[in-house]
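J.: make a model of this:
(one chain, ligands or ions: 3)
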Amino acid sequence: MKPEETNSIGYVMEKALGPHFSGFRPDGLLSSPPSSTASPSHRSASDSSLALSDSNAPKQPFVIGVSGGTASGKTTVCDMIIQQLHDHRVVLVNQDSFYRGLTPEESKRVHEYNFDHPDAFDTEQLLDCVQKLRSGHSYQVPIYDFKNHRRSSESFRQVNASDVIILEGILVFHDQHVRNLMNMKIFVDADADVRLARRIRRDIVERGRGINSVLEQYAKFVKPAFDNFVLPSKKYADVIIPRGGENHVAIDLIVQHIHTKLGQHDLCKIYPNVYVIQSTFQIRGMHTLIRDKEISKHDFVFYSDRLIRLVVEHGLGYLPFTEKQVVTPTGSVYTGVDFCKKLCGVSIIRSGESMENALRACCKGIKIGKILIHRDGDNGKQLIYEKLPKDISERHVLLLDPVLATGNSANHAIELLIQKGVPESHIIFLNLISAPEGIHCVCKRFPSLKIVTSEIDVALNEEFRVIPGMGEFGDRYFGTDD
Ligand SMILES: Nc1ncnc2c1ncn2[C@@H]1O[C@H](COP(=O)(O)OP(=O)(O)O)[C@@H](O)[C@H]1O
Ligand SMILES: Nc1ccn([C@@H]2O[C@H](COP(=O)(O)O)[C@@H](O)[C@H]2O)c(=O)n1
Ligand SMILES: [Mg+2]
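T.: Ligands and ions are numbered 1, 2, ... in the order given. Predicted structure coming up:
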């Protein structure tokens, strides 16, 4: 066959009708798989290399760090968060529990001891505790006594694994390894005078101190350590709460965010631009049907179409809009929104074409372009054919492919769109199922693109097929599987 023949669109189209790997078999093109062996202490909670792909594995808890100066209201804020998260299991770990007990010598000269310096805490032990809880184990947390500055030698507080771990203390943002275990960092802010007033009252009432000793300790250690260690760690906070426990708006927003994150797949916590449509029994039922190898072709198409329609509708929700007012038949004004007009679809041939009808049904008269990515021989070379709207650079693009497997073909298609002038943030990639490997691959390369999917599967197998997956979508949908 002559080279020009192998390059002809007809030839490639015909080839594309053969077995089609929705993830495009990579032949050495696959970037190294996400590592699952890195030591947890050196991984950040937002590190994309976290091995979070196994949906059957226990969910990782959501770790919240709460820091702030002494008596700023950290404990009060934590209590309020815990109360509002009543439908989740939440545990509170206080950094205070990890104060090193004083030696008899140190106890004699307690007024010279700096309880506000990072060295006053056993940070290694604190790290061990959070790591254990994060990996689903319980932990015997020490009990610290502020009156005699020692840990109890007999008793511990058993803290069990839970959905949310709150780690609270003046210096929880100081150590990088501890910080890296947090999914969310909150800094509780309060005026220094207010804090001092609260501290005096609390230390006298609860910690058996006298006014002079509180003021002396404050001037000698607490204030300098606040300036040197606590305040500089404020920059790591995701949220700063002024007025601590009084700030109900801030606490409501935080609780709402935690609720959203808890309901999400772990990959959505890592990549904020990945959206999984909210699962319902209807959606789960449709997935059950289309994943069943015994289903008839007719039913496969019917239920795939239903799911595709949902994904398309959901994806359209991420397009920009403008405000629009209309007058209703009652003569009233309704303030609504106008759809984004500069829009097109692009299907990745062949299976992406199965999504075109749903897009046409939702967006009247929408232009739909096509991209065909064809593996040329066994050397990893690809041929890319495209037929795209001429003004695509001015449009938001809904990229269509029902299965995101390795992410290689998606990345080629996205690269092509970007070459054509489409801003990365104007691309919404729609699919029915995504493999974690594909999500890592696409999101690392294109962090501002959005992926909308209906389920995230467990992993890819050694043949780069999605597990549990649904087989060759294109073959099953277009009836070319046997
Ligand atoms: N908004 C508030 N108004 C009045 N008192 C408060 C307020 N927030 C906290 N307190 C009191 O101040 C003291 C310190 O608050 P706490 O939450 O324990 O601070 P932290 O844990 O940051 O040291 C406690 O006695 C608490 O009851
Ligand atoms: N034996 C101790 C241990 C600690 N402190 C002080 O406690 C403060 C931290 O607790 P908060 O609830 O206020 O965050 C810290 O500023 C230490 O000075 C103490 O007085 N005695
Ligand atoms: Mg406290």
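J.: give the contact list for residue 413.
T.: Each residue near residue 413 by CB atoms under 8 Å, 6 or more residues apart in numbering is listed here: 346, 348, 371, 373, 384, 399, 401. Glycine gets a C-beta too; all of them are placed from N, C-alpha and C.
J.: helix, strand or coil for residue 373?
T.: strand (DSSP: H, G, I helix; E, B strand; the rest coil).
J.: I'd say residue 77 and residue 243 touch.
T.: No. Look at residue 77 against residue 243 with CB atoms under 8 Å: they stay out of range, at 10.2 Å.
J.: who has more neighbours out of these two?
T.: In terms of neighbours (other CB atoms under 10 Å), residue 77 is the more surrounded of residue 77 and residue 243; the figures are 24 against 16.
J.: for the residue in the stretch 101-250 of the chain that ligand 1 sits nearest to, which non-adjacent residue is closest in space?
T.: Proximity to ligand 1, evaluated over the stretch 101-250 of the chain using CB to the nearest ligand atom, is greatest for residue 198 at 3.6 Å. Leaving aside its sequence neighbours, residue 198 sits nearest to residue 71 (CB to CB, 6 or more residues apart in numbering; 3.9 Å).
J.: name the element the one you found belongs to?
T.: With secondary structure defined by DSSP states H and E, residue 71 is part of neither a helix nor a strand.
J.: residue ranges in this protein under the pLDDT threshold?
T.: 1-59, 376-380, 482 (pLDDT under 70).
J.: up against ligand 1, what does it have?
T.: For the chain, the residues found near ligand 1 under the criterion CB under 6 Å from any ligand atom are 68, 70-76, 198, 202, 244-246.
J.: for ChimeraX, write the selection for the buried entries among those residues.
T.: Buried residues within these, by 16 or more other CB atoms under 10 Å, are selected in ChimeraX with:
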select :68,70,71,72,73,74,75,76,198,202,244,245
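J.: endpoints of stretch 329-349, how far apart?
T.: From its first residue to its last, stretch 329-349 covers 45 Å (CA to CA, to the nearest Å).
J.: right, and residue 71 touches residue 199 too?
T.: Yes. Here residue 71 reaches residue 199: they are 4.2 Å apart, a contact under CB under 8 Å.
J.: which strands and helices sit next to the top helix by length along the chain?
T.: Using DSSP state H, we find that the single longest helix of the chain is helix 297-316. Helix 297-316 makes packing contacts with helix 281-291, helix 356-362, strand 396-400, strand 427-434, strand 450-456, helix 473-478 when contacts are defined by 3 or more CB pairs under 8 Å, 6 or more residues apart in numbering; DSSP states H and E.
J.: now the next helix or strand after it: how far from the chain's centre is it?
T.: Using DSSP H and E, the helix or strand that directly follows helix 297-316 along the chain is strand 322-327. How far strand 322-327 lies from its chain's middle: 34 Å, per CA atoms, centre = their mean, to the nearest Å.
J.: elements contacting strand 322-327?
T.: strand 333-338.
J.: what about the nearest residue to residue 140 once chain neighbours are set aside, which SS state?
T.: Using CB to CB, 6+ apart and skipping residues adjacent in sequence, the residue nearest residue 140 is residue 156, 3.8 Å away. Secondary structure, three-state DSSP: residue 156 is strand.
J.: state the number of residues packed around residue 156.
T.: Using other CB under 10 Å: residue 156 sits among 13 other residues.
J.: residues from the stretch 101-250 of the chain in reach of ligand 2?
T.: Residues of the stretch 101-250 of the chain lying near ligand 2 (CB under 6 Å from any ligand atom): 115, 116, 146, 149, 170, 222.
J.: what is the burial count for residue 422?
T.: Neighbour tally, residue 422, other CB under 10 Å: 23.
J.: I'd say it and residue 397 touch.
T.: Yes. In this structure, residue 422 is within contact of residue 397 by CB under 8 Å, at 5.4 Å.
J.: tell me which other helices or strands the helix or strand encompassing residue 124 touches.
T.: Assigned by DSSP H and E, residue 124 belongs to helix 123-134. Counting contacts by 3+ CB pairs under 8 Å, 6+ apart, helix 123-134 is packed against strand 90-94, strand 139-145, strand 164-168, helix 176-179.
J.: among those, which is nearest residue 341?
T.: strand 164-168 (42.8 Å; CB to CB).
J.: for the closest one, packing partners?
T.: strand 62-68, helix 74-84, strand 90-94, helix 123-134.
J.: figure out how far the second one is from the centre of its chain.
T.: Averaging C-alpha coordinates over helix 74-84 and over its chain gives two centres that are 23 Å apart (CA atoms, centre = their mean).
J.: same check, this time on the first one
T.: Averaged C-alpha coordinates place strand 62-68 at 17 Å from its chain's average position (CA atoms, centre = their mean).
J.: that strand near ligand 2 anywhere?
T.: No. Judged by CB under 6 Å from any ligand atom, strand 62-68 makes no contact with ligand 2; its nearest approach is 7.7 Å.
J.: quick check: residue 273 touching residue 444?
T.: No. Applying CB under 8 Å, one finds residue 273 not in contact with residue 444, separated by 11.6 Å.
J.: comparing these two, which shows the higher neighbour count?
T.: Ranked by neighbour count (other CB under 10 Å), residue 273 and residue 444 place residue 273 first, with 19 against 15.
J.: list the residues that contact the more buried one.
T.: Contacts of residue 273 by CB under 8 Å, 6+ apart are 443, 447, 448, 449, 450, 451.
J.: quick one: residue 353 and residue 347 touch, right?
T.: Yes. Using CB under 8 Å, residue 353 is in contact with residue 347, at 4.9 Å.
J.: of those two, who's got more company?
T.: Per other CB under 10 Å, whichever of residue 353 and residue 347 has more neighbours is residue 347, with 24 against 18.
J.: for that one, give me its contacts.
T.: Residue 347 touches 353, 355, 356, 368, 369, 370, 371, 400, 401, counting by CB under 8 Å, 6+ apart.
J.: of these, closest to residue 121?
T.: Closest to residue 121, out of all of the contacts of residue 347 and judged by CB to CB, is residue 401, at 50.4 Å.
J.: I'd guessed that closest one sits against residue 408; true?
T.: No. Taking contacts as CB under 8 Å, residue 401 lies outside contact range of residue 408: 11.5 Å.
J.: distance check, residue 100 against residue 115.
T.: Computed as CB to CB, to the nearest Å, the residue 100 to residue 115 distance reads 10 Å.
J.: what helix or strand is residue 438 located in?
T.: Counting by DSSP H and E, residue 438 is part of helix 436-445.
J.: packing partners for that helix?
T.: helix 266-270, strand 403-404, helix 408-419, strand 450-456, strand 459-460.
J.: which of these is buried the deepest?
T.: strand 403-404 (a mean of 28; mean count of other CB atoms under 10 Å).
J.: of all the helices and strands packed on helix 436-445, which one is nearest ligand 2?
T.: helix 266-270 (27.9 Å).
J.: off-centre distance for the closest one?
T.: For helix 266-270, the distance to the chain centre is 2 Å (CA atoms, centre = their mean).
J.: okay, that helix in CSV with CA atoms only?
T.: Taking Å, rounded to 0.1, in the frame of the first residue of the first chain, the C-alpha atoms of helix 266-270 are listed here in CSV:
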residue,chain,number,x,y,z
ASP,A,266,-11.0,11.0,46.3
LEU,A,267,-9.8,12.0,42.8
CYS,A,268,-12.2,15.0,42.9
LYS,A,269,-10.5,16.1,46.0
ILE,A,270,-7.1,16.0,44.2
